[in-house]
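Participant: okay, here's the prediction I keep looking at, along with the sequence it came from:
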Amino acid sequence: MAAINEDGSKVSDPVFPFRLRFEPNRSVVTNNTTKDYMTQLSGVPADVVVYSIYALDKPTQLGGTETHIADL
């Protein structure tokens, strides 16, 4: 899975996260579970971060650290 780059070239020493964590943006979270999920999503304004994504490099028991890698 991590053996090939986006451009198709081979990766000699692939690096990938041990775990990903998606943290919801509290300003767009709703407790309204009666609406359809897609309907709720259509009400989110453009250019709003819905999730912050964090990667853990190895298990915490082995000294792993979590790093913010992206926003969705």
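Facilitator: Right, received. Where do you want to start?
Participant: which parts of the chain are helices?
Facilitator: Under the criterion DSSP state H, the chain contains helices at 37-42.
Participant: lowest-scoring secondary structure element of it by mean pLDDT?
Facilitator: helix 37-42 (a mean of 80; mean pLDDT, DSSP states H and E).
Participant: which neighbouring elements make contact with that one?
Facilitator: The contact analysis (3 or more C-beta pairs under 8 Å, 6 or more residues apart in numbering; DSSP states H and E) places helix 37-42 against no helix or strand. Bear in mind the C-beta positions are built from the backbone N, C-alpha and C, glycine included.
Participant: centroid-nearest residue for this structure?
Facilitator: Computing the C-alpha centroid of the chain and ranking residues by C-alpha atoms, centre = their mean puts residue 53 first, at 3.3 Å.
Participant: what sits against that one?
Facilitator: Counting by C-beta atoms under 8 Å, 6 or more residues apart in numbering, residue 53 makes contact with 20, 21, 22, 23, 68, 69, 70, 71, 72.
Participant: dump the residue contacts of the residue lying closest to residue 25 once chain neighbours are set aside.
Facilitator: Among residues not flanking residue 25 along the chain, residue 49 sits closest, at 5.2 Å (C-beta to C-beta, 6 or more residues apart in numbering). If a contact means C-beta under 8 Å, 6+ apart, then residue 49 has 25, 71, 72 as its contacts.
Participant: ranges for the strands of the protein?
Facilitator: 19-24, 51-56, 66-71 (DSSP state E).
Participant: buried residues, the first one. List them.
Facilitator: So the one you mean is strand 19-24. Within strand 19-24, no residue is scored as buried using 16 or more other C-beta atoms under 10 Å.
Participant: pairing partners for that strand, with directions?
Facilitator: Under the criterion DSSP bridges, strand 19-24 sits next to strand 51-56 (antiparallel) in its sheet.
Participant: ok, back up a step: any chance of JSON lines for the strands of the chain, columns distance to residue 5?
Facilitator: Listed next are the strands of the chain as JSON lines, based on distance: least, C-beta to C-beta, whole Å:
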{"stretch": "strand 19-24", "distance to residue 5": "19"}
{"stretch": "strand 51-56", "distance to residue 5": "18"}
{"stretch": "strand 66-71", "distance to residue 5": "17"}
